[in-house]
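Asks: Provided below for reference: sequence and predicted model.
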Amino acid sequence: MSFSSFPCTMRVSVCVSLKQRNLEGYVGFANLPNQVYRKSVKRGFEFTLMVVGESGLGKSTLINSLFLTDLYSKDYPGPSQRIKKTVQVEQSKVLIKEGGVQLTLTIVDTPGFGDAVDNSNCWQPVINYIDSKCEDFLNAESRVNRRSMPDNRVHCCLYFIAPSGHGLKPLDIEFMKRLHDKVNVIPLIAKADTLTPEECQLFKKQIMKEIQEHKIKIYEFPDTEDDDDNKLIRKIKEKMPLAVVGSNVVIEVNGKKVRGRQYPWGVAEVENGEHCDFTVLRNMLIRTHMQDLKDVTNNVHYENYRSKKLAAVTCNGVDTSKTKGQLTKSPLAQMEEERREHVMKMKKMEAEMEQVFEMKVKEKKQKLKDSEAELERRHEQMKRNLEAQYKELEEKRRVFEEEKANWEAQQRILEQQKLDASKTMEKNKKKGKIF
Amino acid sequence: NSHNSSGGSTLLGYIGIDTIIEQMRKKTMKTGFDFNIMVVGHSGLGKSTLVNTLFKSHVSRKSAGWARDEKIPKTVEIKAVSHVIEEGGVKMKLTVVDTPGFGDQINNDNCWEPISKYINEQYEKFLKEEVNITRKKRIPDTRVHCCIYFISPTGHFLRQLDTEFMKRLSHSVNIIPVIAKADTMTLEERQEFKQRVRKELEVSGIEFYPQKEFDEDMEDKSDNDKIREAMPFAVVGSDKEYQVNGKRVLGRKTAWGIVEVENPNHCEFAQLRDFLIRSHLQDLKEVTHNIHYETYRAKRLNENGGLRDEPALPLTLYRLLF
């Protein structure tokens, strides 16, 4: 903020014309998208997908089906095959190459979610994981050397709803409410081959109603300018939440090889749009909206996290809910506000200290008075004690004197008697009475 | 010839003792009988549908005019609905006890307690009637004869809640575990899951009905062994009918085929129904009365002090005398 140091004679005039001009020759920046494309392809892409749901809802199978790999195979069984006592968060990375483009896919699984008898706070490990990844990114962004910034933030969270046919469970509602502003939540109906088409429709309506009731913000598909795309997007929105079936087993149906599940009464085809919404999910997730998911994560969820985190750090002690509105003002205004607040705080502290001081003085005075009174009392008492003792001693002395006088008197009498006795003895001796 | 020979004495003519079976039958038909069945499992597993399918009529709580999308209750509730159904001249008063709210909360600790309390309350009611000085001719029997526990078809393992519930209640009521919504799994997945569930039940020491210790003779044992091998039954329920190969069958219509409920190749509903209703209905009642109820009664009377080996005096008389 040191513009005042610039010489005031310098004037800058900026003139912006917004009319679109026609070029008079070929310049060549129409090639820009290709350059961006080539650069991105060289860099490769990253995508982190989180799957959450109770065990046995087909999460691992769906991941395998979506990416046509065996992320969870017989030798490395998925986390859901192992019983967990507490909720764990496990991540596995896989590198997928297709047509020269390489994708580093990270799958985050949450075994143990919703499996215990008491499932309170089973969402906490998930929230902690998401926050820790955002924090890592924040730290990497704030570093001086930012050459390699790996993006491990969770871009999308697929939440699996059990196909009960009734509605959402309390656990589903709690989880989605707590995570809808931290990550893109896409609810899915798992094992959709359990439901008949009518049941599925009713179930979807019920779920959407409950989602709206509880004001859960699930991932919304953005509108594009293209009309055709918009029609598609509207169709997808009508089908939410998507009812999916997963399978990597290839079965032959009418001479065609399809992926599906073989039942005695028929084959449920995974990629058949009339059987389930798997193709919709795959197209949406991978082919059309992967970049948008990453953008929303970056621009909305991550920014939310960042502003919350930084506001808590810079205005320590001040209520963070106040600072949320202040972050939209300019830094100068913010500084003014802060200064004013600081001054007010100082004044308040001063007043408080004065008050405290006065109170302390009063207290001390009172104490001193009390101790004075106490001392006086004691003094009086001691005096009285002394007098009493003195009197006692006097009394004793008198008694003693009396005794002494008595004793002396007695002694004299005894002596006198002795003298008399010896005198008579002598007399008797003289008289010859003693032999 | 008044001595008893173990082989039985040969009769010299037709007496007519075997008509007693016919007499019993006539009596039973006149009085009818009670059957109380309880269904336990978390919401959405098709409990009400299965009960309707079993008794081929709308006897569950859902048909008694309660809405399909009612909210999940905050605590476990016990709702009993009774109907009288008749077949072939035999009347049955069927009571279906439903337990909405079981296992649906976030924290499901002790959600089995209301159920355990209900079962014991029914035993208590019966005990009070039995111990009265003037007893009713036919004590109304509200004791739970059979508890069908619905296992969620995850395909992996039993949930912790399942083992907790069954462990605690297998000694006070007959528990029949079934795998609900079996059309979720292919046949191989079903077999694997069943085996895993059976092993877990064994390891946890859960004795489901038919319990091994109550097999009376070799015939019973072999019959029951076969049933025990096939349990838990993987069932599908439906109360809608569709046309398949010219026949009308109960089923579920999906985009890739119709699941026939009574087709043994599709699911084991028919086996469950035969087992529950056609062969073991009376046995369920007997085990409940002779074993579970007696256990409860002995415990209660012991609590009241030392009536162990004596014939039970009516409690009121006992209190009067002592």
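Replies: Received it, and whenever you're ready, just let me know what you need.
Asks: From residue A:116, how far off is residue A:97?
Replies: Distance, residue A:97 to residue A:116, by CB to CB, to the nearest Å: 40 Å. Glycine gets a C-beta too; all of them are placed from N, C-alpha and C.
Asks: buried ones in stretch A:210-226?
Replies: Buried residues in stretch A:210-226, counted by 16 or more other CB atoms under 10 Å in any protein chain shown: A:210-211, A:216, A:218-219, A:221.
Asks: which residues touch the most centrally placed residue in chain A?
Replies: Taking CA atoms, centre = their mean, the centroid of chain A lies closest to residue A:128, which sits 7.0 Å from it. By CB atoms under 8 Å, 6 or more residues apart in numbering or on different chains, the contact set of residue A:128 is residue A:89.
Asks: so which helix or strand takes in it?
Replies: Assigned by DSSP states H and E, residue A:128 belongs to helix A:124-142.
Asks: buried set for that helix?
Replies: Of the residues in helix A:124-142, A:125-126, A:129-130, A:133-134, A:137-138 count as buried by neighbour count, 16+ other CB under 10 Å.
Asks: The helix or strand that comes right after that helix versus helix A:124-142: what angle between them?
Replies: Moving toward the C-terminus from helix A:124-142, the next helix or strand (DSSP H and E) is strand A:156-161. Interaxial angle, strand A:156-161 versus helix A:124-142 (axes from the mean of the first three to the mean of the last three CA atoms, to 10 degrees): 170 degrees.
Asks: Export only the CA atoms of strand A:156-161, formatted as PDB.
Replies: C-alpha atoms of strand A:156-161 as PDB (Å, rounded to 0.1, in the frame of the first residue of the first chain):
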ATOM      1  CA  CYS A 156     -16.800 -36.600  -5.800                       C
ATOM      2  CA  CYS A 157     -18.500 -38.700  -3.100                       C
ATOM      3  CA  LEU A 158     -20.800 -41.400  -4.300                       C
ATOM      4  CA  TYR A 159     -23.200 -42.200  -1.500                       C
ATOM      5  CA  PHE A 160     -24.900 -45.600  -1.700                       C
ATOM      6  CA  ILE A 161     -28.500 -45.900  -0.500                       C
END
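Asks: Can you pull out the low-pLDDT segments for chain A?
Replies: Regions of chain A meeting the criterion pLDDT under 70 cover residues A:1-25, A:71-86, A:224-225, A:315-331, A:433-435.
Asks: can you pull out the strands in it?
Replies: For chain A, the strands defined by DSSP state E occupy A:45-52, A:90-98, A:101-109, A:156-161, A:185-189, A:242-243, A:250-253, A:256-263, A:266-269.
Asks: who does the first one touch, helix- and strand-wise?
Replies: For strand A:45-52, the elements it packs on are helix A:59-67, strand A:101-109, helix A:124-142, strand A:156-161, helix A:290-296, judged by 3 or more CB pairs under 8 Å, 6 or more residues apart in numbering or on different chains; DSSP states H and E.
Asks: Please repeat the previous calculation with a cut-off of 10 Å.
Replies: With contacts defined as 3 or more CB pairs under 10 Å, 6 or more residues apart in numbering or on different chains; DSSP states H and E, the packing partners of strand A:45-52 are helix A:59-67, strand A:90-98, strand A:101-109, helix A:124-142, strand A:156-161, helix A:170-179, strand A:185-189, helix A:290-296.
Asks: And the fifth one, by the same measure?
Replies: For strand A:185-189, the elements it packs on are strand A:45-52, strand A:156-161, helix A:170-179, helix A:197-213, strand A:242-243, helix A:278-282, judged by 3+ CB pairs under 10 Å, 6+ apart.
Asks: Also the shortest one?
Replies: Where contact means 3+ CB pairs under 10 Å, 6+ apart, strand A:242-243 is packed against strand A:185-189, helix A:197-213, helix A:278-282.
Asks: Please work out which of the ones you listed is packed deepest.
Replies: Most buried of these, by mean neighbour count (mean count of other CB atoms under 10 Å in any protein chain shown): strand A:185-189, with a mean of 23.
Asks: Show me how far that one is from its chain's centre.
Replies: Relative to its chain's centre, strand A:185-189 lies at 24 Å (CA atoms, centre = their mean, to the nearest Å).
Asks: I'd like to check the angle between that strand and helix A:170-179, please.
Replies: In terms of direction (the same axes, to 10 degrees), strand A:185-189 departs from helix A:170-179 by 160 degrees.
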